[in-house]
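Q: after the sequence you'll find the predicted model.
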Amino acid sequence: MTIRTPDAPTASPLLEWYDRHHRDLPWRVSPPMARRGIKADPYHVWLSEVMLQQTTVQAVKPYFANFLAKWPTVTDLANAPSELVMAAWAGLGYYARARNLKKCAEAVASQHDGIFPDTEEGLKALPGIGDYTAAAVAAIAFNRQAAVMDGNVERVISRLYAIATPLPAAKPLMRQKVALLTPADRPGDFAQAMMDLGATICTPKRPACSLCPFNGSCEALSLHDPEQFPVKATKKEKPIRRGAAFVAVTSDGDILLRRRVESGLLGGMTEIPTTAWTARQDGETSAEAAPFKADWESAGSVTHVFTHFELRLSIFRVAIANRLKIDDGWWEPVTNLEAQALPTIMKKAIAAAIPLAFKTAKG
DNA sequence: GATGCGTGGCC
DNA sequence: TGGCCAAGCAT
């Protein structure tokens, strides 16, 4: 068996790989486009980066197109009603992103004349923009030599340097390595190349090292086990919470909806009335907690896995003749549910009680 | 530094 | 099939 000593990595082989193998993405100015003089639009870069936080490219594509069609500029987004923005974001998850997206657009429109700041520091001062997004927008939209580090880059760097310290403790060291590797020329392409490499070659399982532009300079490969990097801290067990949700429908085809409080889980989104979601399994999950007295019947249950707990929701249903006066909520035509800011768990719950409520109901 | 915060696809 | 993972941020 040959033991190779890796050479120190440099940006050049990666940029050459990117020129040949970059992905074409709706929000991306690829090297051929750049050669034709096309410049990245900071609004497009920012919007895509926020949508891509912890979210796959495939999931983002239709949302990105829909947002640009509805709101072509950051000022349009700033002037849009929040309810429409939340409804357009529904299904994409992590709804604090949508709330901060709106706040950020308003700040850019009112405090920066509709022009995004062109420095990491200026960008990071805006709502919903942290270390990663500030560096990504600065590098991709403004050609700043910023060290961009996301999950892909963490994986690539941890393997290049065989970093044995577990994440997240290893982040400062990794950031140093990225900063030293980031070129003054084409920093935006370098960042996008690192992410493309992580997404297509330096994958979590079964990386395609034979195709990698760094395969002469990767310490993890020289150790014959790239998959063991990055090392991660062990994660906690996911608890189970239970609750009940209530679908009330009138003979006119109206359903009772509510708006959730602005902060916390599914903050600001629309829901059907539910109990609190707790670890308990007793009366809290029964029809006793319904929004009004009626002959509630069971409509089965749905399970939904959130980031930090699993929810088992018992569904109850009732048909009533006329709308009741409800303090906290409103009656919405079932035919208009697609236009509501309903998170996926709520669509599942409604679909359990009204199977034809959504054309593409899941669960 | 640890925790809360969605969803869908993959093997 | 269920655990893992995806271009993280705020507190």
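A: Perfect, thanks for sending it.

Q: the closest residue to A:Asn79 other than its chain neighbours: what's it in contact with?
A: Leaving aside its sequence neighbours, A:Asn79 sits nearest to A:Ala109 (Cβ to Cβ, 6 or more residues apart in numbering; 7.5 Å). (Each C-beta comes from the backbone N, C-alpha and C, glycine too.) For A:Ala109, the contacting residues are A:Val74, A:Thr75, A:Ala78, A:Asn79, taking Cβ atoms under 8 Å, 6 or more residues apart in numbering as the criterion.

Q: for chain A, what's the longest helix?
A: The longest helix of chain A (DSSP state H) is helix A:96-111.

Q: coming back round to it: out of the contacts of A:Ala109, which sit inside helices?
A: Per DSSP H, the subset of the contacts of A:Ala109 in helices is A:Val74, A:Thr75, A:Ala78, A:Asn79.

Q: how far away is the last one from A:Glu106?
A: Computed as Cβ to Cβ, to the nearest Å, the A:Asn79 to A:Glu106 distance reads 9 Å.

Q: please enumerate the helices of chain A.
A: Using DSSP H, the helices of chain A run over residues A:11-21, A:31-35, A:42-51, A:57-70, A:74-79, A:82-89, A:96-111, A:120-124, A:131-142, A:151-160, A:171-181, A:187-200, A:219-222, A:344-353.

Q: list the contacts of the last one.
A: The contact list for helix A:344-353 (Cβ under 8 Å, 6+ apart) reads A:91, A:93, A:245, A:247, A:249, A:255, A:266, A:269-272, A:274, A:299-302, A:304, A:311, A:313, A:315-317, A:337, A:342, A:357-358, A:361-363.

Q: average model confidence for it?
A: Across helix A:344-353, the average pLDDT comes to 96.

Q: which residue is the nearest non-sequential neighbour of A:Pro146?
A: For the record, residue A:146 is Ala, not Pro. Distances taken as Cβ to Cβ, 6+ apart place A:Ala135 nearest to A:Ala146, at 3.9 Å, with adjacent residues excluded.

Q: quick check: closest non-adjacent residue to the closest residue to DNA strand C within chain A.
A: Using Cβ to the nearest atom of the strand, the closest approach of chain A to DNA strand C is made by A:Gly130 at 2.7 Å. Leaving aside its chain neighbours, A:Gly130 sits nearest to A:Lys124 (6.8 Å; criterion: Cβ to Cβ, 6+ apart).

Q: I'd say that neighbour and A:Asp131 touch.
A: Yes: the criterion here is Cβ atoms under 8 Å, and A:Lys124 meets it with A:Asp131 at 7.2 Å.

Q: and A:Ser12, how many neighbours?
A: A count of nearby residues for A:Ser12, using other Cβ atoms under 10 Å, gives 11.

Q: that one: what's it in contact with?
A: A:Ser12 makes no contacts at all, as judged by Cβ under 8 Å, 6+ apart.

Q: which parts of chain A sit against DNA strand C?
A: For chain A, the contact set with DNA strand C under Cβ under 7 Å from any atom of the strand comprises A:23, A:25, A:27-28, A:48-49, A:52-57, A:94, A:96, A:100, A:127-134, A:136, A:150-152, A:155, A:192, A:195-196, A:198-199, A:204, A:232, A:235, A:238, A:305, A:307.

Q: for PyMOL, write the selection for the buried entries among those.
A: Filtering the residues of chain A next to DNA strand C down to the buried ones (16 or more other Cβ atoms under 10 Å) takes a single PyMOL command:
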select buried, chain A and resi 25+27+28+48+49+52+57+96+100+128+129+131+132+133+134+136+150+152+155+192+195+196+198
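
Q: from A:Cys202, how far off is A:Thr165?
A: 19 Å.

Q: what about the two, which has more around it?
A: It is A:Cys202, of A:Thr165 and A:Cys202, that has more neighbours when counted by other Cβ under 10 Å, with 28 against 14.
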